[in-house]
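Q: here is the input, now give the coordinates:
(chains A, B, C and D)
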4 protein chains.
Amino acid sequence: MRNSEKPFFCKMNTFGHIFRLTSFGESHGEAVGGVIDGCPAGIELDMDFIQNELDRRRPGQSRITTPRKESDTVIFLSGIFEGKTTGMPIGFMVRNENQHSNDYDNLKNVYRPSHADYTYHQKYGIRDHRGGGRSSARETIARVVGGAIAKLALKQLGVSIAAYTSQVGGIQLDKDYKHYDLSLIESTPVRTPDLEKAEQMTELIQEVKSKGDTIGGIITCVVQDVPAGLGEPVFGKLHAALGAAMLSINAAKGFEYGDGFDVNHRGSEVNDSFFNDEGKINTRSNHSGGIQAGISNGQDIYFRVAFKPVATILMEQQTVNVRGENAIVKARGRHDACVLPRAVPIVEAMAAMTILDYYLLSKTQ
Amino acid sequence: MRNSEKPFFCKMNTFGHIFRLTSFGESHGEAVGGVIDGCPAGIELDMDFIQNELDRRRPGQSRITTPRKESDTVIFLSGIFEGKTTGMPIGFMVRNENQHSNDYDNLKNVYRPSHADYTYHQKYGIRDHRGGGRSSARETIARVVGGAIAKLALKQLGVSIAAYTSQVGGIQLDKDYKHYDLSLIESTPVRTPDLEKAEQMTELIQEVKSKGDTIGGIITCVVQDVPAGLGEPVFGKLHAALGAAMLSINAAKGFEYGDGFDVNHRGSEVNDSFFNDEGKINTRSNHSGGIQAGISNGQDIYFRVAFKPVATILMEQQTVNVRGENAIVKARGRHDACVLPRAVPIVEAMAAMTILDYYLLSKTQ
Amino acid sequence: MRNSEKPFFCKMNTFGHIFRLTSFGESHGEAVGGVIDGCPAGIELDMDFIQNELDRRRPGQSRITTPRKESDTVIFLSGIFEGKTTGMPIGFMVRNENQHSNDYDNLKNVYRPSHADYTYHQKYGIRDHRGGGRSSARETIARVVGGAIAKLALKQLGVSIAAYTSQVGGIQLDKDYKHYDLSLIESTPVRTPDLEKAEQMTELIQEVKSKGDTIGGIITCVVQDVPAGLGEPVFGKLHAALGAAMLSINAAKGFEYGDGFDVNHRGSEVNDSFFNDEGKINTRSNHSGGIQAGISNGQDIYFRVAFKPVATILMEQQTVNVRGENAIVKARGRHDACVLPRAVPIVEAMAAMTILDYYLLSKTQ
Amino acid sequence: MRNSEKPFFCKMNTFGHIFRLTSFGESHGEAVGGVIDGCPAGIELDMDFIQNELDRRRPGQSRITTPRKESDTVIFLSGIFEGKTTGMPIGFMVRNENQHSNDYDNLKNVYRPSHADYTYHQKYGIRDHRGGGRSSARETIARVVGGAIAKLALKQLGVSIAAYTSQVGGIQLDKDYKHYDLSLIESTPVRTPDLEKAEQMTELIQEVKSKGDTIGGIITCVVQDVPAGLGEPVFGKLHAALGAAMLSINAAKGFEYGDGFDVNHRGSEVNDSFFNDEGKINTRSNHSGGIQAGISNGQDIYFRVAFKPVATILMEQQTVNVRGENAIVKARGRHDACVLPRAVPIVEAMAAMTILDYYLLSKTQ
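A: Numbering: from 1, shown residues only, chains lettered A, B, ... in the order given. Presented below is the predicted three-dimensional model:
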C-alpha cells in the first residue's frame, strides 16, 4: 500500500477445512487467542481438561522449562451455551502477562542466528524486536485450545492421541511405541514413558541449560482407534495433512510416519499382510503407520517429528546488525533449553485438529 | 446420496493457492490431465522442455523402470496464444494407451497388502480393480506438466531446482549435496550424481526386480536462488507447504529439510551465523536448509523425501479377499521395482509448483 | 513475472465448496471444458439428458438465436465407470468448431463499448481480439455440463429446478410463477410458459435483431422440494451463494429472491405466518422466497435475474482504439439479439450446482 | 457427533480471499468480535474513525432506531504496533452489555414468522431463544470494524465509498446518485442526502414504529476512484463478489448494479461509448455501473441493495410452536422499525472489504 517494494502481508493464520482454527496474537501484545469455526454442536466442554492442556504447554511448569511464569487462563467469548458448543464460532483469548520487553532491548538492532529476526524483517520490512512477536511459541496457545476442543469431540468417536519425547540429543527410546506404557508419559517432566531415559534426558537438558545452550530431539505421536476411510486421495492424503500440521510447529524440521526414513527394506518384508482376525480384517504388521494410499486403514497411526535446538542461546554469537555490519549478539532472559517437553501437547493438538477435520470432511456425502 | 453409510466422495484434487493445479484421470480411463489456474501470463511455453519432463517420468525409459510403454504426449486445450500463456486457465490432457486391464483380473476380489485396494474400498465402497485407478502413479502426469510450466516461470526469476536419488536400499550418498556435481544426475538411469553409487544402485534394483520384489529409497532436492521472504508464518510455513507437497506423492513416507532428523546437536553448533559477505548478508552454514521461521532466507533450500518399496510385488502374499476370507495374491504385469528414478522429476515438479505459488502469494501487497 | 506493471493473472475459475467445477477454454482455442471434483459416487449419468442440456444452450437452435452452428458434443475423460460416477474427478471437454476468427479482424484495435475488450486489456495487458476469448459465452458450456450432473444428483433427492424468460424488453409476465404451467417453458423458443407473451417476445427479438440491435430481460427461476436447513449463516447465506452464482453469468445485472426489490410493504403484511398443515409445519405465504436468515425453510425457492442487452450490436458505435483515439466500431458476424432464451439453462445449471454444493456442505456433521 | 440426524454445524464465518474477516459472537454471549487476516502492514489506525463507524451502526443513536443502548467500544487485541497495522492478524472484540434476555422469554417455544427461529432450529437442532443468537444484527459489529480498517487502507489508494437510504416504503429518491450531494447523508438520521425526503422517511418510520410494525427499503452505494482492472473473470466477477457481500447482510433481498433490473432498453441505447477525454479514455455514460465483464473500468461503481421489513414486529402474529401446534406470538422489547439507517454503514463496510480484497488479489502478479 505504501511506496515500498516489500510484500507487506501476513496470511495463513487459519488451519483446517471444516474444523478451522484462526489464531491471532503476539508475545508482547494484549492477548493471544483465536476463533474455532465449524466445531460440531453439542460437544460438552470440560473446562478443567482444556485448562489442563494449556498447563501442559505453559512455561514454568517444571525445572526443565523456562522459568517464565504466565497463568495462561483461557477466556471463552462465544459459541458456548449451557456448557456445550452450539455450532457457532468459538472466540477465545488468553491475556499476555509478565512480558519483560526490556529483556530484548539489546536485540533491537541485531539478527539472532537461525531465528525469525532476519526473515521476518526481509518479508515484512518491520522490525519488532520485542520477543518473537508472531513467531513466538506463545502463538501455540491457540493451537492447544483448538486441539483440546478437538480432543473432546474425538473422544466421543473413541479416538485417543498420545505423544511423547522419544529423543533428546543422543538419548533415544526404542522406535516402537508398543514397547512403552503410554500412561507413564505425564509422570515425567520431559514427557517420556521410559522412566530411566527420562531421567537421563532431564539431566542432559539441565546440563545444556547450565551452559546457556539448547538441544534438539524427536517427538513420537500415536493416534489410536481412528476409523478406516479418513483421508483424501491425491493432494489431500491424511499423512500429508498431518505432515503439514506438524511442520507448522515452531522448530520442527522433519516428519515421518510408519517406517518413514527407514527405507532399506524390500516390499516383501514390509508389506502389511491382511488376515481374517476372528471375523475382522486386520494386518499382521503396521509398517504403513495406519495409512495406506493416503487413507486411514483402522490400524494405529504413528509418526515422528524432529525438532531442532531452540535458536535462542544465552551465549555470544557472531551475527550482523540491521545495517549488515558484523556484530555480536548475546540473548538474555528466560528461555527453554529444549522445546520437546512443552511441544508434546502441541503435537497432540495439531494431530487432534487434523484428525477431526478429516473426520468431518469424510461426512460430505 | 444412495442409501449407504459410506462417505462416497473424492475431493482435494486441487493443489496450490494462486498457481493451482486441478488434476483428473485414472490409469484405465480415457485420459489423465488437469487445469492450471493462476499461471502468470506471458510465460513462453517451451514444448520440448515440457515433453522432456514427461519423458523423465515415463515408464519404459530405461532398463530399471517398468517396461510398460506409453508415449505420454501432452495436448494443450486452452490458455495459450502464440506460444505463450495468456493468464487464462490451461487445460491439458494425456491419453491413456496400452492398458492391460486383464493383468488385473486375478486381483478382482483380493486386497493387495499395503496398496490402495483396501482403504479405497473402505472409503468409497467401490471396487475398481483395473490397475490403481486414481491411486495409480499415472496421476502424477498432471503434476509433471504443472511442474514443467512452473519451472519455466521460475526460470525467469533465476530459481533452479534439481532432485536426485540419494539412497536405494542400503546404498546411500553422502548427505551433503555440495559434494556432488548435480549436472551428472541425468547421465545415470537411476538419477544420481555419484556415478559409482549409481552403478551399485542399478545393480541392486535389477537384483530386486529379478526376484519380483521391490526396494525403497530417498530423494534429495535442492532449490537454489530462491528470493528471501517466501513463506507465510504460522500455518503456512514454506517448509510445511513443501512437506505437504512431497508427502502427497505416492509411496512417500517422510520429509525433512535442513538438518532434519539429525537432532543430536546443540544450538551453539547448528545456529547459522550471519556475516557481512562483501556487503551482502550471508550465513556461514546452512543447517536451516534455507528456511527460518517458515520463510526463505535466500540460502539454498534442500530437503529429503523417503519412499517405501512399491507395494505391488510379483510374489505370493497372504491377504484377504473382499469377503474377508484369507487368500493368496500374486500380482502379475509390468511394475517398477523401485520408484526412485521416476519419482525424481515428480519431486522437482511439486517443488516448482510450491515455490512459484509462494512467490505469487508474496505479491499480494 | 515480466517487467510490466500489469497484474497479469487470472484466477477464480473454480466454483463451489464441495461440489466444485473448474472450467477452462476460450471461444477460439482448441476446446472448452472442465473438471468436476467432489461429485458423489454412484450417480447414474444419463448421457442423453446431459447432451440435451447442452443443446438447450447451443447457438443455432432456433430462429431467435445466433445462427452460428456448433454441435457441442461433450466428451468425458475420467471419473466414470460403467455409466456411473466413481467419486473421482470428472474431466470433460467440448471441442471448438466453426470459429470465424476473421469476423473479428476489424475489431483488432478498437474497444467495443460495454464489452470485455477494454477491462481485459487493462487487467491483463493482452489484446486477444478473436471473439470474446475467456469472456465469451462459450465458457458457459462447462457450467451447463456441471449443472446437468448436479441436476442428476439432485433428482435423487427429489429437488427440481425450472427457469424461464419472464421479461424481454417491455414485455413481462406476472411476477408470480404460480400463475404459470412450467411444463410449457420448453415448448416456446424464447422459453417462457405464457404462450401469448412468448409470441410477443419472439416478435420483439426478431424486430430488434433485424436492426442489428439487442434487448435485455429477466429470467425467473424456481427450485422446488429443497430440504429445510441448507445454507450457512453469516457470510455463506444460501441466497448470497445463489446471488453470486447468478451474477457470475455473462450480462447479469441484478438478483433478487422472494419479494426482492418490492420493498414497499410492512412486516405485518409480508411476514410468512406458520401454521399446522395437517401435521406438517407450513407457511401461509412465501414472501421469503423459501429462505429465512440464509437457510432454506422447505418452501419453494424462487428468484429473478436481470440481464442487460448484449453489448455486441451490428451498428456503428463511437469508441476509441487501443491508442485512445476516437474511432468508430461496427461489429459483424453472428450474434444473439437477446441472451435470455439461451441463458435459461445456464441459470438452472448454476442453481443446481449451488443447491447440491450446499446440500453436501450440510452433511459435514 | 451425537446420535442425531441433524447436521450440527456452522461454517462460513470468514469473508474474503486475501483481506479476510473471521467473525464470532452472539447477541447474548460474552462478546462479539473477529480476526482480520491479510491486512496490509503500515496502515495507520485512526481509532476515532473506527469508533465513529461503530457509532453509526449502534442502536439508540437517534429517535428512529431501537432505543437499546450499548456503547459498543472496540478493544484491539493484536496486530497493531505503535498505532499501525503490522501485517499480523488483528484480533478485536466488543463486549455485550444490556442484554434483556427476559424480553425473549415469551418466545421460548414459538417460531417468529420470517425470522431465523425456524430455520436455525431445523438446521442445528438447537433452540437458543435469547435474542437472535448468531443471526442477530449484533454480528454486523465485526463487519463494521473490518470495513473501517479496509476504508483506511483504501483511503491511501484514493478510493471513497458512500451509501445512503434511497427508499423507505413508498418514499424514494431519484435513481441517479449524481442528483444528490452525498456530503449531506450523515446530516439526517435516516441517512439520505435529500433533506425533504429524509423528513418524510423519518415520519413514515415513526408512524410505522408507533404501530409496532416495520417497513422495508433500499440502500444505494457509490464507490469512486476504484482503479481499472479489479475483478476476476468467470466465477469471481467483481459485481458477483459485491452481490454476495451485500446479500450476506441481514434482511437483504436483492442486489443490482448499473442499470440493474431496468432492462427495457436496447444495446444501442445503453452501451457506454468510449471517447478520448483530453488524453484519457472515458465513457459518455455509465449504464455498466463501473464494471464491464466483471472487471472495474475506472468509472464510478454504484449498486442498490433491497431490504425487507424487519421480521420482528410488536403485534400479534399467527405461528406454530416448537411442537408444531398453532400459536400466537407477540414480540416485546426494543427493535428497529426500519433497518435502513443503521444498515448504511454495514453496506459501506462490506463494499470496502470487497474492494480492498480484490485490490490485493490483483497484486498476485
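
Q: now do the SS call for the residue of the stretch 201-350 of chain A found nearest chain D.
A: Distances between the stretch 201-350 of chain A and chain D by C-beta to the nearest C-beta are smallest at A:Pro227, namely 12.8 Å. C-beta coordinates here come from the backbone N, C-alpha and C atoms, glycine included. Using DSSP: H, G, I helix; E, B strand; the rest coil, the structure places A:Pro227 in coil.

Q: the one 4 residues further on too?
A: Following three-state DSSP, A:Gly231 is assigned to coil.

Q: so where's the stretch 101-250 of chain A uncertain?
A: A:101-105, A:127-132 (pLDDT under 70).

Q: 90 instead, please
A: A:101-109, A:116-117, A:119-137, A:232-233 (pLDDT under 90).

Q: how about the nearest residue to whatever residue of it ends up closest to chain D, chain neighbours excluded?
A: When scored by C-beta to the nearest C-beta, the stretch 101-250 of chain A has A:Arg134 as its residue closest to chain D, at 4.6 Å. On the basis of C-beta to C-beta, 6 or more residues apart in numbering or on different chains, the spatially nearest residue to A:Arg134 that is not a chain neighbour turns out to be D:Met88, at 4.6 Å.

Q: kindly report the same for A:Leu360.
A: Using C-beta to C-beta, 6+ apart, the nearest residue to A:Leu360 is A:Ile18, at 3.9 Å.

Q: for A:Asp272, see how far away A:Gly258 is.
A: The spacing between A:Gly258 and A:Asp272, counted by C-beta to C-beta, to the nearest Å, is 9 Å.

Q: intersection of neighbour lists for those two?
A: A:286-288 (C-beta atoms under 8 Å, 6 or more residues apart in numbering or on different chains).

Q: would you reformat those residues as TSV and include distance to C:Lys330 and neighbour count?
A: Below are those laid out as TSV (distance: C-beta to C-beta, whole Å; neighbours: other C-beta atoms under 10 Å in any protein chain shown):
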residue	distance to C:Lys330	neighbour count
A:Asn286	73	19
A:His287	72	19
A:Ser288	68	27
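
Q: by contact count, what packs against the longest helix along chain A?
A: Selection of the longest helix in chain A by residue count, based on DSSP state H, yields helix A:340-361. Judged by 3 or more C-beta pairs under 8 Å, 6 or more residues apart in numbering or on different chains; DSSP states H and E, helix A:340-361 is in contact with helix A:47-57, helix A:140-157, strand A:160-168, strand A:217-224, helix A:238-247, strand A:301-307.

Q: quick one, the third one and helix A:340-361 angle?
A: For the pair strand A:160-168 and helix A:340-361, the angle between their directions (axes from the mean of the first three to the mean of the last three C-alpha atoms, to 10 degrees) equals 150 degrees.

Q: and the following helix or strand past strand A:160-168, what does it pack onto?
A: Using DSSP states H and E, the helix or strand that directly follows strand A:160-168 along the chain is strand A:171-172. Contact partners of strand A:171-172 among helices and strands, from 3+ C-beta pairs under 8 Å, 6+ apart: helix A:195-210.

Q: what comes up buried for the helix it packs on?
A: By 16 or more other C-beta atoms under 10 Å in any protein chain shown, the buried positions in helix A:195-210 come out as A:197-198, A:200-202, A:204-205, A:208-209.

Q: what do you get for stretch A:268-287?
A: Result for stretch A:268-287 [16+ other C-beta under 10 Å]: buried residues A:268, A:270-275, A:281-283, A:286-287.

Q: alpha carbons of it, as PDB, please.
A: Output in PDB follows, covering the C-alpha atoms of stretch A:268-287 (Å, rounded to 0.1, in the frame of the first residue of the first chain):
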ATOM      1  CA  SER A 268       8.200 -58.500   0.700                       C
ATOM      2  CA  GLU A 269       9.500 -57.600   4.100                       C
ATOM      3  CA  VAL A 270       7.400 -54.500   4.900                       C
ATOM      4  CA  ASN A 271       4.100 -55.000   3.100                       C
ATOM      5  CA  ASP A 272       1.400 -55.400   5.800                       C
ATOM      6  CA  SER A 273      -0.400 -58.700   5.200                       C
ATOM      7  CA  PHE A 274      -4.100 -58.800   5.800                       C
ATOM      8  CA  PHE A 275      -5.700 -61.700   7.600                       C
ATOM      9  CA  ASN A 276      -9.000 -62.600   9.000                       C
ATOM     10  CA  ASP A 277      -8.800 -61.800  12.700                       C
ATOM     11  CA  GLU A 278     -11.800 -63.600  14.200                       C
ATOM     12  CA  GLY A 279     -14.100 -62.100  11.600                       C
ATOM     13  CA  LYS A 280     -12.500 -58.700  11.200                       C
ATOM     14  CA  ILE A 281      -9.900 -57.700   8.600                       C
ATOM     15  CA  ASN A 282      -6.600 -57.000  10.300                       C
ATOM     16  CA  THR A 283      -3.000 -56.600   9.300                       C
ATOM     17  CA  ARG A 284      -0.100 -58.700  10.700                       C
ATOM     18  CA  SER A 285       2.200 -55.700  10.800                       C
ATOM     19  CA  ASN A 286       1.900 -51.900  10.600                       C
ATOM     20  CA  HIS A 287       4.800 -50.600   8.600                       C
END
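
Q: tell me if that stretch is near chain B.
A: Yes - using C-beta under 8 Å from any C-beta of the partner chain, stretch A:268-287 reaches chain B at A:268, A:270-276, A:279-281, A:283-284, A:287.

Q: which residues of the stretch 101-250 of chain A lie near chain C?
A: Counting by C-beta under 8 Å from any C-beta, the stretch 101-250 of chain A sits next to chain C at A:Pro233.

Q: which ones are touching A:Lys175?
A: Counting by C-beta under 8 Å, 6+ apart, A:Lys175 makes contact with A:166, A:220, A:262.

Q: swap in A:Pro227?
A: A:Pro227 touches A:157, A:296, A:298, A:359, counting by C-beta under 8 Å, 6+ apart.

Q: surely the third one is in contact with A:Val223?
A: Looking back up the chat, that one is A:Gly298. No - counting by C-beta atoms under 8 Å, A:Gly298 does not reach A:Val223; the two are 11.5 Å apart.

Q: neighbour-wise, which of those two wins?
A: A:Val223 (24 against 19; other C-beta atoms under 10 Å in any protein chain shown).

Q: beta partners of that one?
A: For A:Val223, the beta-bridge assignment (DSSP bridges) gives partners A:Ile161, A:Ile301.

Q: phi and psi next, for the residue of the stretch 201-350 of chain A found nearest chain C.
A: Proximity of the stretch 201-350 of chain A to chain C (C-beta to the nearest C-beta) peaks at A:Pro233, 7.9 Å away. Per-residue torsions, A:Pro233: phi -60, psi 170 (degrees, to the nearest 10).

Q: next, count neighbours for it.
A: Neighbour count of A:Pro233, defined by other C-beta under 10 Å: 28.

Q: can you check A:Ser183 too?
A: By other C-beta under 10 Å, neighbour count at A:Ser183 equals 9.

Q: leaving out sequence neighbours, find the closest residue to it.
A: With sequence-adjacent residues excluded and distances taken as C-beta to C-beta, 6+ apart, A:Ser183 is closest to A:Pro193, at 7.7 Å.

Q: quick one on the thing from earlier: just the ones in helices from the shared contacts of A:Gly258 and A:Asp272, please.
A: In helices, judged by DSSP H, none of these are found.

Q: how about a markdown table for those residues, with pLDDT and distance to A:Ala245 added?
A: A markdown table is the format used below for the shared contacts of A:Gly258 and A:Asp272 (pLDDT from 0 to 100; distance: C-beta to C-beta, whole Å):
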| residue | pLDDT | distance to A:Ala245 |
| --- | --- | --- |
| A:Asn286 | 98 | 21 |
| A:His287 | 98 | 22 |
| A:Ser288 | 97 | 19 |
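
Q: now, among the buried residues of helix A:195-210, which is nearest to B:Tyr124?
A: Comparing these against B:Tyr124 with C-beta to C-beta places A:Lys197 closest, at 43.4 Å.
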